[in-house]
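**Q** Build me a structure from this.
(one chain, ligands or ions: 1)
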Amino acid sequence: MRWFPRISNIRRSLADEPANLASPEFKANPFPFYARLRDEAPVHRMTLATKESAWLVTRYDDVAMVLKDERFAKDIANAMTPEQLRRLPWFRKLFPSLRRNLVNLDPPDHTRLRALAQKVFTPRLMEQRRVRVERLTEELLDRVERRGTMDLVRDYALPLPTTIIAEILGVPVEDRNRFHRWSNAVLSAGASPGRLWKGIPNAWALTRYIRTSLETRRAQPRDDLISAFIQVEEGGAVLSESELVAMVLLLLVAGHETTVNLIGNGMLALLEHPEQFEKLRNDPSLIKPAVEEFLRYTSPVEIAPERFAREDVSVAGVTIPRGGLVFAVIASANRDARQFSEPDTLDITRDPNRHLSFGLGPHFCLGAPLARLEAQIAIVTLLRRLPNLRLKLRPDRLPWRRGLLLRGIESLPVSFGARVKGHEPINTAAC
Ligand code: HEM
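**A** Residues are numbered from 1 along each chain as shown. Below you'll find the predicted structure:
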């Protein structure tokens, strides 16, 4: 039996289709390809670098539907036939216990885990971090201010959310480079078969690290989230050992790998649009709509984590067969002219701005209030302290992180030495 039945009413490939959606080259500017998909093939089947087939859904309304619709399961076991499950590629059978996290589960397990998570990971807890985030942004800038240059990602956008999520969970902040290295390797595993192999020891290291942190907190509970998760109980429900590991791992990874992209990509977008930079620098009260626009325009999570069709489902006239791997392409929905006027224009005052960057429905991002808080403070502080910020490299020379789901700049060298009148666009000839 074929893994997926033959579908006659879809186009299998487009001319000039990118070879690898997870490559840095594609990440730099995926938007023209997604615009073509929205116009020519809004549900499009592609072969991924891992050799799996996936359906990309690219129009705003369809993406919103896929994110909410229960006909798309998160847990592969709730969608595939026993035969399809037997034929799964080897890497899908690794780390089964780690898949028992919120993002990969359906009701009733998802409902139970989400209620437990919401009990301890509350908007109030995140708001309580405001002063700490403010202090940390100042400290990070104190360290670089005299230098006149910095890597805005490595010196600022990355240490900020990494430190905050480590402190909230209760893992040592001095370990942040280690756990970021492991999580980065795991997240880029989908970029090639070689990286899949490389991801395995890193996933082991990350899991071992979380297990040790749990043991430490069991012996010595503290006022942190790991201790709270060990003790939490809601309506008689508690977290099993593997659910605990998966929950802490998800929060540690999602808690920094996404927000770094929001701050880094958002600042790159501002630096590429000097008039918008100027507007925000002159009126910092615009920071809330500005961050919403960075979420829309740059899509730090480019593609929502996978879903699988529980039955044959028709989307935009195309039948996605039972068991089909479906990707809701958030970055495409966020640039859909059917929803947004002038979607390729960065407008920090855009209103309304119903972007899908935090998802929709039962899996809506649990950390959205924290991500917004961190990005708003980080960007406003940066513009206040370093108003003369300029790019040191031409945008087309900047390195992008590889990986299928996230979209983020890896390094963003900037200078802010000499005072200039107003904010001048970069002199590309000097790069
Ligand atoms: C710019 C920052 C962020 C973006 C763009 C983002 C985006 C998303 C998206 C699109 C989803 C939905 C996934 C789906 O439907 O398959 C999601 C879920 C989730 N996010 Fe975030 N996220 C961000 C920051 C964070 C932070 C800071 C945390 C934690 C500290 C976090 C924790 C989670 C969790 C636990 C889920 C799973 C919720 C569930 O399945 O019930 N995220 N996020």
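
**Q** wait, doesn't residue 400 sit right on residue 28?
**A** Yes - with contact defined as C-beta atoms under 8 Å, residue 400 and residue 28 form a contacting pair (5.1 Å). The way it works is simple: take the backbone N, C-alpha and C, and place the C-beta from them, glycine included.

**Q** Comparing those two, which residue is more hemmed in?
**A** The neighbour comparison of residue 400 against residue 28 (other C-beta atoms under 10 Å) goes to residue 400, with 20 against 15.

**Q** Contacts only, for the more buried one.
**A** 24-25, 27-28, 407-410 (C-beta atoms under 8 Å, 6 or more residues apart in numbering).

**Q** And the helices in the stretch 1-150 of the chain, which stretches?
**A** Here the stretch 1-150 of the chain has its helices, by DSSP state H, counting those that start in this stretch, at 24-28, 31-40, 60-68, 82-86, 109-120, 123-127, 130-145.

**Q** lowest-confidence stretch among the ones you listed?
**A** Lowest mean pLDDT of these: helix 123-127, a mean of 90.

**Q** neighbours of residue 388, just the number please.
**A** 17.

**Q** and it, that one's in a strand?
**A** No - applying DSSP: H, G, I helix; E, B strand; the rest coil, one finds residue 388 to be coil, outside a strand.

**Q** what about it, distance to residue 249?
**A** Distance, residue 388 to residue 249, using C-beta to C-beta, to the nearest Å: 40 Å.

**Q** Next, give phi and psi for the nearest residue to residue 167 once chain neighbours are set aside.
**A** Nearest residue to residue 167, sequence neighbours excluded (C-beta to C-beta, 6 or more residues apart in numbering): residue 173, at 6.3 Å. In terms of degrees, to the nearest 10, the main-chain angles of residue 173 are phi -60, psi -30.

**Q** Which residue would be the closest one in the stretch 301-431 of the chain to the ligand?
**A** Closest contact between the stretch 301-431 of the chain and the ligand, by C-beta to the nearest ligand atom, is at residue 367 (2.0 Å).

**Q** okay but that residue is in contact with residue 253, surely?
**A** No - in this structure, residue 367 is not within contact of residue 253 by C-beta under 8 Å, at 10.8 Å.

**Q** pLDDT at residue 193, what is it?
**A** Residue 193 is assigned 89 on the pLDDT scale.

**Q** got a list of what it touches?
**A** By C-beta under 8 Å, 6+ apart, the contact list for residue 193 reads 49-51.

**Q** ok, which residues in the stretch 1-150 of the chain are in contact with the ligand?
**A** Neighbours of the ligand within the stretch 1-150 of the chain, by C-beta under 6 Å from any ligand atom: 67, 102-103, 114.

**Q** Name the helix or strand for residue 203, please.
**A** In the assignment (DSSP states H and E), residue 203 maps to helix 193-219.

**Q** contacting residues around the following helix or strand past that helix?
**A** Moving toward the C-terminus from helix 193-219, the next helix or strand (DSSP H and E) is helix 225-231. Residues external to helix 225-231 that are found in contact with it (C-beta under 8 Å, 6+ apart): 116, 120-121, 125, 168-171, 213-214, 217-218, 221, 239, 244, 247-248, 251.

**Q** count of residues packed around the residue nearest to residue 30 when sequence neighbours are not counted?
**A** Spatial nearest neighbour of residue 30, chain neighbours left out: residue 331 (6.1 Å); criterion: C-beta to C-beta, 6+ apart. Residues lying near residue 331 (other C-beta under 10 Å) number 23.
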